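> here's my sequence, what's the structure:
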Amino acid sequence: MNRPLRVGHRAEAGDVLRAAVTELTAAIDEGGDHLPDTEVIAVEKVLKRAAERLSLSGRHTVVALAGATGSGKSTLFNALVGQEVARSGHLRPTTTRPAAALWDAEWASGADDLLDWLRIRDRHHVALGGGPALDDLLERDRPAPGSTDGLVLVDLPDIDSTRVTHRAEADRILSMADVFVWVTDPQKYADARLHEDYLRRAVQHAEVTIVVLNQIDRLTPLQAQECLADLRGLLRLDGLGTVDVLACSATTGAGVAQLFAALSRAVAAAEATRLRLLGDVRAGAAQLRSHVADTEAQLGDKADATIIDALADSAGVPVVLASVAADHRRRAAGATGWPFTRWARRLRPDPL
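Below is the predicted model of the structure:
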């Protein structure tokens, strides 16, 4: 069973990841030419990306805020940061390029290489604990001191942007982030693109996934409960029944502190990177697994006879037998037939 974002799995995640990488590498070597080239190349890219990520800063956890146009993703990003960092487009409320906010007392140490790898140019330093607006909201859910040290929050372009380059940029960073926060709203939480193109393909990453129903200030309490229940039902159909589902309003601040606390716990555990990479490796293994049988093929007596006949045909055995039979008849006729017939048969070629 996949576990949602929790602390306390550090040794387990590291050990399981090492074992999974070793086994997957051995499977590729063993499979050789018997596995499809395209899928082997894709899995090798996963292993390469895992090695690159592990070689970079282990003190930082990259959290990607992803969602569709108008879901309030950038507003929620600003609420978590405590200041207006992310800006939407002028013509449509869309995010045109990724922006990163870093919670780290020494944010320039180690994070630069990581953000260069992510190819994110817009970088903003945030005081530990969030901005003033968030400080007022935290109250009981205030994270422990230093637990946000190393948090890298990324606001992505919209996954349904009309610009292909924007969607491609969002997908690129999603393939590299450590934690996923999917932001949706009461109008689009059942959107087919969100579920079919993203959530259903993220089953192996349930441990590092949070789903946020934003803009609940537009609903009555009863409507909010109904939307949340419906969203959880859809997530169960996606195979993500264990993920955390939070209700938020970036406008009023409702639920923002709870979301920030969940991200703080993920950072404090310092294992989100390994859990995410483990999900990638498992997904790659499942992709190759579909080309491997569970057991050796078992053939019955009838199948054995069919194979023997086929092998005999391919080896030319029937042709040899027919030639031997023809030669036997020729010899018999030559020994017992009418003299003129025997003499005429000598002029025919020997079947053998």
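> tell me which helix or strand of this structure sits lowest on mean pLDDT?
In the chain, the helix or strand scored least confidently by mean pLDDT, DSSP states H and E is helix 132-138, which has a mean of 46.
> quick one, domains of this protein?
The chain breaks down into these domains under the TED database: 7-55+275-291, 61-271, 302-346.
> weakest of these in terms of mean pLDDT?
Per-segment mean pLDDT for the domains of the chain reaches its minimum on domain 302-346, at a mean of 73.
> which secondary structure element contains residue 20?
Using DSSP states H and E, residue 20 maps to helix 10-31.
> one step back: tabulate the domains of the chain (JSON lines), appending mean neighbour count.
(C-beta placed from N, C-alpha, C; glycine too.) As requested, the domains of the chain are arranged in JSON lines below (neighbours: other C-beta atoms under 10 Å):
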{"stretch": "domain 7-55+275-291", "mean neighbour count": "15"}
{"stretch": "domain 61-271", "mean neighbour count": "19"}
{"stretch": "domain 302-346", "mean neighbour count": "11"}
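> which SS class is residue 101?
Here residue 101 is recorded as strand under DSSP: H, G, I helix; E, B strand; the rest coil.
> which residues does it contact?
Contacts of residue 101 were listed using C-beta atoms under 8 Å, 6 or more residues apart in numbering, and they are 77, 80-81, 85, 123-126, 152-153, 155.
> how about the helices in the stretch 101-250 of the chain?
Ranges of helices in the stretch 101-250 of the chain, per DSSP state H, counting those that start in this stretch, are 111-118, 132-138, 164-174, 192, 221-237.
> the third one vs helix 111-118, what angle?
Direction vectors for helix 164-174 and helix 111-118, defined by axes from the mean of the first three to the mean of the last three C-alpha atoms, to 10 degrees, enclose an angle of 130 degrees.
> counting by contacts, list what helix 164-174 packs against.
Judged by 3 or more C-beta pairs under 8 Å, 6 or more residues apart in numbering; DSSP states H and E, helix 164-174 is in contact with strand 61-67.
> now the helix or strand just after the strand it packs on - C-alpha only, CSV.
Moving toward the C-terminus from strand 61-67, the next helix or strand (DSSP H and E) is helix 73-81. Extracted C-alpha coordinates of helix 73-81, given in CSV (Å, rounded to 0.1, in the frame of the first residue of the first chain):
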residue,chain,number,x,y,z
LYS,A,73,-2.5,28.0,-8.1
SER,A,74,-0.4,31.1,-8.3
THR,A,75,-2.5,32.9,-5.7
LEU,A,76,-2.0,29.9,-3.4
PHE,A,77,1.7,30.0,-4.1
ASN,A,78,1.8,33.7,-3.0
ALA,A,79,-0.2,32.8,0.1
LEU,A,80,2.3,30.2,1.1
VAL,A,81,5.2,32.5,0.4
